[in-house]
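J.: Whatever this is, show me its structure:
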Amino acid sequence: IIYNYYIHFMNIIEKFIKLLEYNCYKNNKIIVFGDNIIDEHYQCEMTRISPECPIPIIKLNGKKPIKTSGGAAKVYEQIKRFTNAYFISVEEHHGNYNAKIPVKSRYYCGNNQVSRIDDEFENYKLNEEQLSDVRNVLLDYFNELKQESNVVVLSDYNKGLFDEEYIKSILSNCEDVITIVDPKLGPASKWYGCTIFKPNYKEAILMTGTKDWKKQCDILMKETNCKVCIITNEGKGVYYKTYDEYGEYVPKNTINVQSVVGAGDCFISFISICQSLNLSIKESIEIAFFASSIYVQKLNGYAIDLNDLKKHHDNCNAKIVNSDFEFNSNDLVFTNGCFDAGLTPAHIECLKFAKKQGEKLVVALNSDNSVKRLKGEKRPIYSLEDRMKIVSSLEFVDYVTWFEEDTPLEIIKKIKPKKIVKGGDYHPEDVVGKEYAEVIIFNFQECVSTTEKLKQLNLI
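T.: Predicted coordinates:
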C-alpha cells in the first residue's frame, strides 16, 4: 500500500508539473473575489521582561517590516504565479472612499511568532451607502470578467464585503463556471449554489456542531448544495466528499514547518489551479497539500512558484545516483536490500537507525535481475525504478543506488562507507563487506517479511 501510494503520488505531481510546463493553462482564467489584507512581518529581539508588567519587551532596532499580500490577495498572488488571474476586492476603490484595508502585523523572534497586532475597521471603514456602491461596481466588473473565466474563488475573511444577498447575486450568475468558496464564518447556507465548499476543520465544527468529519461533509453539502466539500485539518490531512463518496487524504511524510501563516490560502489557490486544468478532486487535493507543505517550510508568506515544485519533486530523483557518484562525506553509512515487495515497519525503523549512525545514508538496491536470481522468476513485485523512487522519497535517506551482482560487495568497495548497517537477522561475521567498514546491527522487533506475507496470501 505504501509503495502504491508513493508511486501514485509522484506520478500525480509529475503530471501537474508537465501540464504547467506545457502551458496547458494558457486559455484558463481564474477570478479571485474577496477580502484583501496586508501582512507585515517584523523581525525583532526579545531579551527581557518589562519591569512595568510581566510581558516581554519587543525590540525592533529600527527594522522595517517585510510586507506581503494577505487574505484573498494572497490567493491571487499565488494563482498568478501559475496561470492567468483577475483580482476583485475593495482595494480597487481604496482611493475613492479612503477605505481602510486590514493590516496584520506579526512580530518574530527568530522563527517564532511572539505577537500579532491587527489594525482594521468594521466594513473597511465604509458607511452603508459607500459599501453598497463598492459592491455594485465590483459585481459589474465580476460579471464582465466571468465571461472569459472557468474558475471563481470566493475568499471570505469576514471583513464586510460579503453578505447573504451579495453572495446570492454573485452565485446566481455562475452556472457555467466552477465556484470555490473559502469561508470564514457560517451559516454555510449563505453560500448555497457554490461548486466546492472548503472550510477548515475548526470552521466546520462551528458551522455544523459536530466533530465527525463525515457528518460535517453531509451537513455542509446539504446546506450549500455544493458538489464537493473539502475540509482541511492542518498538517493532519484533508477530508472530502464528492456526491456519495467520502475520501480522506493523510500525508505519509513529516515536514519541517516554519510558518503556517497563509497555508490555507495556498491550499485553496492550488485547488483552483488544478480545477482549471480539469484534474480530479482527489488529484487536486494531493497536489494542493503537496504545494502547501512546501509553502509552510518558508517564512514571511512568500508565494511559491514552479521552480519550488520542481525542486521538491526532483529532490527525490536527485538522490538516485550510480556507484561512481562523488559522495563527499567521510562519515558515509551504507545499507542494502531488495525491498521489491514493499517496505515493512522494520525496514523503515532500520533505515532511520542507519541514518543516525553517520552524516549521509546510502541505500543500495538489488537490480531486477539480481532479485530474480535470489527470489525467483515471479520477483521483483516492483521494478527497480519504482523501488528507487519510493526509497528516495524517505527524508532520512540521502542517496539511493543499485547493483547488478548478487551481493553488494563491489559497490561497497567502490563507495568506501565508514559503517555498514544491517537488520537484526544478521550476525556481524556474516555481513558482506565487513572487512571494508564497521558493521552495526539494528535489533528490531519481530516482523513478518514481505516474502512470508506474500506466501501467506498465496501470491507467490
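J.: Please tell me how far Asn366 sits from Asp324.
T.: Distance, Asn366 to Asp324, using CB to CB, to the nearest Å: 18 Å. Bear in mind the C-beta positions are built from the backbone N, C-alpha and C, glycine included.
J.: I misspoke; the intended subject was Gly237.
T.: Distance from Gly237 to Asp324, by CB to CB: 41 Å.
J.: The two: which is more packed in?
T.: Applying other CB atoms under 10 Å to Gly237 and Asp324 shows that Gly237 carries more neighbours, namely 16 against 8.
J.: List the residues that contact that one.
T.: By CB atoms under 8 Å, 6 or more residues apart in numbering, Gly237 lies in contact with Glu248, Tyr249, Val250, Pro251, Phe289.
J.: between the residues you listed, which is closest to Asp163?
T.: Phe289 (31.7 Å; CB to CB).
J.: top of the contacts of Gly237 by neighbour count?
T.: Ranked by neighbours (other CB under 10 Å), the contacts of Gly237 are led by Phe289, which has 22 neighbours.
J.: now the contacts of Gly237 in TSV, with pLDDT, secondary structure and distance to Lys375?
T.: Listed next are these as TSV, based on pLDDT from 0 to 100; DSSP: H, G, I helix; E, B strand; the rest coil; distance: CB to CB, whole Å:
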residue	pLDDT	secondary structure	distance to Lys375
Glu248	94	strand	35
Tyr249	91	strand	34
Val250	86	coil	31
Pro251	79	coil	32
Phe289	92	helix	36
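J.: Asn256 reaches Ile294, doesn't it?
T.: No: look at Asn256 against Ile294 with CB atoms under 8 Å: they stay out of range, at 11.1 Å.
J.: Helices of the stretch 51-200 of the chain, residue ranges please.
T.: Counting by DSSP state H, counting those that start in this stretch, the stretch 51-200 of the chain has helices at residues 72-79, 94-97, 128-146, 164-171.
J.: Deepest-packed of those, please.
T.: Highest mean neighbour count of those: helix 72-79, a mean of 26 (counted as mean count of other CB atoms under 10 Å).
J.: pLDDT (mean, whole number) over it?
T.: Averaged across helix 72-79, the pLDDT comes to 95.
J.: hmm, who's touching it?
T.: Residues outside helix 72-79 that contact it (CB under 8 Å, 6+ apart) are 30, 32-39, 68-69, 85, 87, 89, 91, 153, 155, 157, 182, 262, 265-266, 268-270, 272-273, 301, 303-304.
J.: starting at the chain centroid, how far to that helix?
T.: Centroid displacement of helix 72-79 relative to its chain, using CA atoms, centre = their mean, to the nearest Å, is 16 Å.
J.: Next: stretch 344-352.
T.: Worked out by CA atoms, centre = their mean, stretch 344-352 lies 24 Å from the chain centre.
J.: tell me which residues in that stretch are buried?
T.: Thr344, Ala346, His347, Cys350, Leu351 (16 or more other CB atoms under 10 Å).
J.: and the closest residue to Thr210 other than its chain neighbours, what does it touch?
T.: Counting by CB to CB, 6 or more residues apart in numbering, Gln216 is the residue found nearest to Thr210 once chain neighbours are left out, at 6.0 Å. Neighbouring residues of Gln216 by CB under 8 Å, 6+ apart: Ala204, Ile205, Met207, Thr208, Thr210, Cys229, Ile231, Tyr239.
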